[in-house]
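Colleague: coords please:
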Amino acid sequence: MGTLGWYLARARTMGPAEIGWRVATAARGVARGVAGRAGSRARAIPIWELAFDDFRQARDRPVVLDAARAASIVRDMPDQVREVVRAADDVLNGVFAFFGQDPVRFPGPVDWSLDPRTGLRWPDRPAARINHRTCGDPKWIWELNRLQHLPWLAQAWLFTGDDRYAGAALDQLDGWLDQNPTGRGIAWRGGFEAGLRAMSVAVAVQGLRNAPAMTAQRYRRIATMLAESADMCWRERSRFSSANNHLLGELAGAATVAILYPELPGARRREQAALDALAREAERQILPDGAGAEQSSLYLIFSAQLLLIPAALLRLRGDQPPPALDAAVRRSGNFLAGLTAGGDPLPRYGDEDGGFALRLHPEPVAELARHLALVDGAPDDLAARWLTAPTAGSRPVVRPRAGDWYAPHGGLVVLRGGGRRITMDVGPLGYLSLAAHGHADALSVTLAADGHDLVGDPGTGSYYAEPTWRRAFRSTRMHATVAVDDLDQSVAGGPFLWTRHARTTVRAIDLPRGVVEAEHDGYRRLDAPVTHRRYLVAPPGRERVLVLDLLEGDGHHRIRTCWPLHPDLEIEELAAGHLARRDGVPVLQVVSASTVPGSPYRVRGADDGLGWWSDRFEHREPAWLVGSVVERTRCPVAIATMLCPMGDHAQAVDGLSVARKGTGEVEVTWTDGHTRTVVRVDPRTPGAVSSELLVCT
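Modeller: The predicted model follows:
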């Protein structure tokens, strides 16, 4: 899709109010005028010397990085201290690594507009005139310009007393300010980047307030940039269809600057406005059941941290944060912990890029365990020690859900039993009209057993760098659901835009019986419309999982079931499916049957993007994608798939069959050892699923 096509598709997602607001904003030239307005307010500080003294003495503000706490961390956490110092040493040597990728090195002073991986130098022009969608891949250069490595240097100085770390941090800031005047260059492309950068700079520089290299002149220059950043975050905050986690980043950045630098003119007013808005967004973007509105498990961690950091700063100051912030962090923590209870891997869905709100740890990608430790204020976690007040009072505590549960707002069902965990997605495509970080994965099912993924979400792949991979990893065929005519359930209008959303309807959820029934209308748009309804039948105490897909509608269609397997699995083809092994040991049987002739298929590492797995951003490896395909048949069609974890005493499933009776009822039968199972489904009645076990003679 060309640039004009993208703008037309984008415009179709907006209502009249948003279109009017965007036209007015462009006409006023807000982006071009930010530097003058914000800079003039920062320069309005009457006596910079007094402000600098307040800053060094940390008067009337909380402190995150301080010498006393650093000494206790050195004593109590030597291993984590060494990790931070090693990360700071890499920065001293000009070595940077993002997204878990291989590190790159700048041989001299950092050129903040140069992507050394590709050799692309981003243009030196007003940020509003840089089209980051067409110039190249901005993700790496944005990550570099977020300056999230500066807190490592500040901590290393506090831990060791070595002035090289403080000097390097302030020298890099000098170079960054020289090369990136406010509002100019890729680093200023949007308030979101300004907000994330402001959080890291504000925390790091405060930690360096008593370093010999910190001068009044440097403080004035940095404080002015922070004031300009906070102003940009507020004035250019995301609105309407763009008000997703970017808005959280902008508000958190503005609040952080105001809380840590109260000497800036208007700080108290800006703090209150940003916190009020952040509290409202916390209730919108963290749903009542704890799921993220963006339909992404990894972005839920990121969004929760953008709420947690301002709340932590308020506690360090001795104040209580808005209750909505704590409540959102707590319920999101409960949701995430419930997904991984008992050592299960975090089930991924939607986009992920491994981003951080504030990098106090040097781990290469965000980790759920560290996030939950921060939420809980764990005394053995580095970030929690920095951000938890000694007398914190009321604060979020994680209480994970156990057993089977359903998150009705986020649309996720979790079923456990016999060492396995199953999830089924019955939620919306994503958040707001763009659904920017959602994937076309309605009704997808994941399966983990004994702490390992068997069937899962293949990940994100890429954002800008590889458009083909971006399309593939968001597609329906890459997810554990059903594709009709090899089309996506929803219609994409760009890499972060869906112009038509598949809508899911939950018909029945019976947790005690392990039954889920839901359908979506994504294929009703076809000339010969089709409705996909899925039944998940996983009774407690039984290892076998039945997935029954009913395709009701008109015309002839290709129907394909898709089961993406973890890349550590190898497979062998069976008569009606596949057997997956890990290290030569059988771990999963996938068998299918349908009411019309079909055949199993498998693909691994294909050129069209299918058969790949992305365990981190901009990385992929081959992985088997298996399933069953029915070619050009007339609907209705019923396809039954058995997902059978192979435990120590598990019997292979044999004789799977599915038939539609004259009454419309669908009957699925199979043999498992000496037991024959019959499952009957009446599509006319929601939740009408019965199961019968017969002893084979």
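Colleague: Tell me, how many residues neighbour the closest residue to residue 632 other than its chain neighbours?
Modeller: In space, residue 632 comes closest to residue 556 once its chain neighbours are excluded; the distance is 4.9 Å by Cβ to Cβ, 6 or more residues apart in numbering. The C-beta positions use only the backbone N, C-alpha and C, and glycine is treated the same way. Using other Cβ atoms under 10 Å, residue 556 has 11 other residues around it.
Colleague: separation between residue 307 and residue 284?
Modeller: Plainly put, residue 307 is 12 Å away from residue 284 if you go by Cβ to Cβ, to the nearest Å.
Colleague: If you could redo that for residue 410, that was the one I meant.
Modeller: Distance of residue 410 to residue 284, given as Cβ to Cβ: 13 Å.
Colleague: quick revisit: who has more neighbours out of residue 307 and residue 284?
Modeller: Taking neighbours as other Cβ under 10 Å, residue 307 and residue 284 compare with residue 307 leading, 29 against 16.
Colleague: The more buried one looks like it's in a helix, true?
Modeller: Yes - according to DSSP: H, G, I helix; E, B strand; the rest coil, residue 307 belongs to a helix.
Colleague: Just list whatever residues bridge to residue 681.
Modeller: residue 666, residue 689 (DSSP bridges).
Colleague: mind listing what it touches?
Modeller: For residue 681, the contact set (Cβ atoms under 8 Å, 6 or more residues apart in numbering) comprises 535, 548, 665-668, 688-689.
Colleague: do that again at 7 Å, thanks
Modeller: Taking Cβ atoms under 7 Å, 6 or more residues apart in numbering, we find residue 681 in contact with 535, 548, 665-666, 688-689.
Colleague: Then residue 376?
Modeller: Applying Cβ under 7 Å, 6+ apart, the residues contacting residue 376 are 397-398.
Colleague: For it, give its distance to residue 340.
Modeller: Taking Cβ to Cβ as the measure, residue 376 falls 14 Å from residue 340.
Colleague: what do you get for residue 177?
Modeller: When Cβ to Cβ is the yardstick, residue 177 and residue 340 sit 42 Å from each other.
Colleague: on that earlier part again, now restrict the contacts of residue 681 to buried residues only.
Modeller: Applying 16 or more other Cβ atoms under 10 Å to the contacts of residue 681, the neighbour count classes 535, 548, 666, 688-689 as buried.
Colleague: possible to save these as CSV with distance to residue 50 and pLDDT?
Modeller: Shown next, in CSV, are the buried ones among the contacts of residue 681 (distance: Cβ to Cβ, whole Å; pLDDT from 0 to 100):
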residue, distance to residue 50, pLDDT
535, 70, 98
548, 73, 98
666, 79, 96
688, 76, 96
689, 73, 96
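Colleague: Pull the most distant pair out of those residues.
Modeller: Pairwise distances across the buried ones among the contacts of residue 681 peak at 12.3 Å for 548 and 688 (criterion: Cβ to Cβ).
Colleague: Which pLDDT value does the model give residue 135?
Modeller: pLDDT for residue 135: 77.
Colleague: Helix or strand: which one has it?
Modeller: Using DSSP states H and E, residue 135 sits within no helix or strand.
Colleague: how much space is there between it and residue 123?
Modeller: Distance, residue 135 to residue 123, by Cβ to Cβ: 7 Å.
Colleague: How is this protein divided into domains?
Modeller: With domains defined by automatic domain parsing, the chain comprises 3-24+33-387, 405-695.
Colleague: Reformat these as a markdown table; add distance to residue 397.
Modeller: Formatted as a markdown table, the domains of the chain follow (distance: least, Cβ to Cβ, whole Å):
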| stretch | distance to residue 397 |
| --- | --- |
| domain 3-24+33-387 | 6 |
| domain 405-695 | 18 |
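Colleague: and of those domains, who's closest to residue 398?
Modeller: domain 3-24+33-387 (4.1 Å).
Colleague: State the distance from the residue nearest to residue 632 to residue 533.
Modeller: For residue 556, the distance to residue 533 (Cβ to Cβ) stands at 19 Å.
Colleague: after the helix or strand of the chain at the bottom of the mean pLDDT ranking comes which helix or strand?
Modeller: Using mean pLDDT, DSSP states H and E, helix 30-43 stands out as the lowest-scoring helix or strand of the chain, at a mean of 48. Going down the chain from helix 30-43, the next helix or strand is helix 48-57, by DSSP H and E.
Colleague: what comes up buried for that next one?
Modeller: Within helix 48-57, the residues scored as buried using 16+ other Cβ under 10 Å are 48, 51-52, 55.
Colleague: where do the strands sit along the stretch 551-697 of the chain?
Modeller: For the stretch 551-697 of the chain, the strands defined by DSSP state E, counting those that start in this stretch cover 556-561, 563-564, 570-574, 577-582, 585-594, 599-604, 612-613, 621-622, 624-634, 637-645, 653-660, 666-672, 675-681, 689-695.
Colleague: Same list as before, those that is, but in TSV and with distance to residue 87 included.
Modeller: TSV is the format used below for the strands of the stretch 551-697 of the chain (distance: least, Cβ to Cβ, whole Å):
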stretch	distance to residue 87
strand 556-561	45
strand 563-564	34
strand 570-574	37
strand 577-582	34
strand 585-594	37
strand 599-604	36
strand 612-613	28
strand 621-622	26
strand 624-634	36
strand 637-645	40
strand 653-660	50
strand 666-672	52
strand 675-681	54
strand 689-695	53
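Colleague: Buried deepest among those, which one?
Modeller: Stretch with highest mean neighbour count among the strands of the stretch 551-697 of the chain: strand 563-564 (a mean of 28; mean count of other Cβ atoms under 10 Å).
Colleague: and that one, what does it pack onto?
Modeller: Packing partners of strand 563-564 (3 or more Cβ pairs under 7 Å, 6 or more residues apart in numbering; DSSP states H and E): strand 624-634.
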